[in-house]
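# Here's a sequence, model it:
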Amino acid sequence: MGIFGSFTSKKKERLDEGLSKTKENFFGKLTRAVAGKTKVDDDVLDNLEEVLITSDVGVNTTIKIIGRIEERVSRDKYMGINELNEILKEEIASMLEENNTEDVSGFDLPQTDGPYVIMVVGVNGVGKTTTIGKLAYRFKEAGKNVVIGAADTFRAAAIEQLEIWAQRVDVPIVKQKMGSDPASVAYDTVASAKSQGADVVIIDTAGRLHNKVNLMNELSKIKRVMQKVVPDAPHEVLLILDGSTGQNAFEQAKQFTAATEVTSLALTKLDGTAKGGVVLGISDQFKIPVKYIGIGEKMEDLQIFRRKEFVETFFNK
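Sure thing, here's the model as predicted:
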């Protein structure tokens, strides 16, 4: 089995298309950085550092990558420019493997006493509702019974959009009117899912960061009431980040991880941006597994994030 294993050629092709703008941007900068050079020297490394930072990989992760390349240059004595791309790919893949948990295998779920509960967090506008809809679709495709809870009760549009997605995917949704207690919606959703024998519950929450204390209290309350139905809920707190915002996604990750315990990440809108390098930095820096990436508008365009395949595609010209 090759590096892609069970990663089908169709998914591989979609990933390649989804990252095309990022790759074009990255390799354009890399080509200019090494123009006229025959070997990797201090000037090339300085230029490479700038390429990585301006590709939204992040300063801390960039410093680690440059340090690893410097070690290779020191050890190998002479490293030609033609080898740089392959070495970059090897070192980044190795770094992600060392600093993160194992990739998830697919849309299988661990054994739980009652439905597997996913609480989704993230600021408004990052693609939270769309991701929930796509996630419901992918779980349903995997043979799971899914229930969605509309606990972002502060925006009527959020409830309406989630209802449209639930109808589109053909899964039940639990909702109340705008302004209702979000914890009450979460409780009703988990109770309903348990009574139906559902496999998965996906709970939407409000995306407000202007007051971290209020956000923390609200999410804590939602967790407490769900635990009255399923004691170990939520089993997963999934933070949605907009990959097209680059460094702003880092800031959102910092804010939400400070406000609540985040256990997994999803990065959206990678197909419409040249800032896909942010996936590498966030995956490395937060030590929270990037579980899903959004690379298009279609429901199947929410893909499992597999580090080796992502890096292989990122560096495949």
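# Show me which residues of stretch 296-305 are buried.
Buried positions in stretch 296-305, judged by neighbour count with 16 or more other CB atoms under 10 Å: G296, M299, D301, L302, Q303, I304, F305. (C-beta placed from N, C-alpha, C; glycine too.)
# I meant to write stretch 21-32 there.
Buried, per 16+ other CB under 10 Å, within stretch 21-32: K21, T22, K23, N25, F26, K29, L30.
# any chance of those residues in TSV, plus distance to V278, pLDDT and secondary structure?
Rendered in TSV, the data for those read as follows (distance: CB to CB, whole Å; pLDDT from 0 to 100; DSSP: H, G, I helix; E, B strand; the rest coil):
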residue	distance to V278	pLDDT	secondary structure
K21	13	88	helix
T22	9	87	helix
K23	14	86	helix
N25	12	87	helix
F26	12	87	helix
K29	15	88	helix
L30	17	87	helix
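# Throw the residues you listed into a markdown table and include distance to K194, thanks.
A markdown table is the format used below for these (distance: CB to CB, whole Å):
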| residue | distance to K194 |
| --- | --- |
| K21 | 43 |
| T22 | 42 |
| K23 | 45 |
| N25 | 47 |
| F26 | 47 |
| K29 | 52 |
| L30 | 52 |
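# What does the residue lying closest to F286 once chain neighbours are set aside show for phi and psi?
Using CB to CB, 6 or more residues apart in numbering and skipping the chain neighbours, the partner closest in space to F286 is A253 (5.7 Å). Torsion angles at A253 (phi, psi; degrees, to the nearest 10) stand at phi -60, psi -40.
# Could you work out the most separated pair of the buried residues of stretch 21-32?
The two members of the buried residues of stretch 21-32 with the most space between them (CB to CB) are K21 and L30, at 14.9 Å.
# in this protein, which spans are helices?
9-18, 20-33, 42-54, 59-76, 81-99, 128-141, 156-169, 182-196, 212-226, 247-259, 278-285, 307-314 (DSSP state H).
# what helices or strands is the second one leaning on?
Using 3 or more CB pairs under 8 Å, 6 or more residues apart in numbering; DSSP states H and E as the contact criterion, the elements in contact with helix 20-33 are helix 42-54, helix 307-314.
# For that helix, what is the distance to the chain centroid?
Taking CA atoms, centre = their mean, to the nearest Å, one finds helix 20-33 lying 22 Å from the centre of the chain it belongs to.
# cool, stretch 11-30 as well?
Taking CA atoms, centre = their mean, one finds the center of stretch 11-30 at 17 Å from the center of the full chain.
# How about stretch 46-64?
20 Å.
# how far does that stretch stretch from start to finish?
With CA to CA, to the nearest Å as the measure, the ends of stretch 46-64 fall 13 Å from one another.
# Counting neighbours, which bits of that stretch end up buried?
47-49, 51-58, 61-62, 64.
# next one: stretch 152-169
Buried residues in stretch 152-169, defined by neighbour count with 16+ other CB under 10 Å: D152, T153, F154, A158, I159, Q161, L162, W165, A166, V169.
# The third one: what's it in contact with?
The reference is to F154. By CB atoms under 8 Å, 6 or more residues apart in numbering, the contact list for F154 reads M178, G179, P182, A206, R208.
# switch the cut-off to 10 Å
When contacts are counted by CB atoms under 10 Å, 6 or more residues apart in numbering, F154 touches N124, M178, G179, S180, P182, T205, A206, G207, R208, E218.
# do I159 as well
By CB under 10 Å, 6+ apart, the contact set of I159 is 129, 150-153, 173, 175-178, 180, 185, 204.
# If I look at it, what pLDDT would I see?
Here, the pLDDT recorded for I159 equals 93.
# My guess is V117 contacts M226. True?
Yes. Judged on CB atoms under 10 Å, V117 makes contact with M226 at a distance of 6.2 Å.
# joint contacts of these two?
Any residue near both V117 and M226 by CB under 10 Å, 6+ apart counts here, and that gives G149, A186, T189, V190, V201, I203, D232, A233, P234.
# How far does stretch 50-68 sit from its chain's centre?
From the chain centre to the centre of stretch 50-68 is a distance of 19 Å (CA atoms, centre = their mean).
# can you give me the end-to-end distance of it?
As for stretch 50-68, its first-to-last residue distance stands at 16 Å under the measure CA to CA.
# picking up where we left off before, please tell me how far the residue nearest to F286 sits from M226.
Using CB to CB, to the nearest Å, we find A253 at a distance of 23 Å from M226.
# Repeat that for V262.
Relative to M226, and taking CB to CB, V262 is found at 16 Å.
# Between those two, tell me which one has more neighbours.
Remark: of V262 and M226, M226 carries more neighbours, 25 against 19, as counted by other CB atoms under 10 Å.
# Surely that one is in contact with P182?
No. With contacts defined as CB under 10 Å, M226 does not count as touching P182, sitting 11.0 Å away.
# Mind listing the shared neighbours of the two?
With CB under 10 Å, 6+ apart, M226 and P182 have common neighbours G149, A151, I203.
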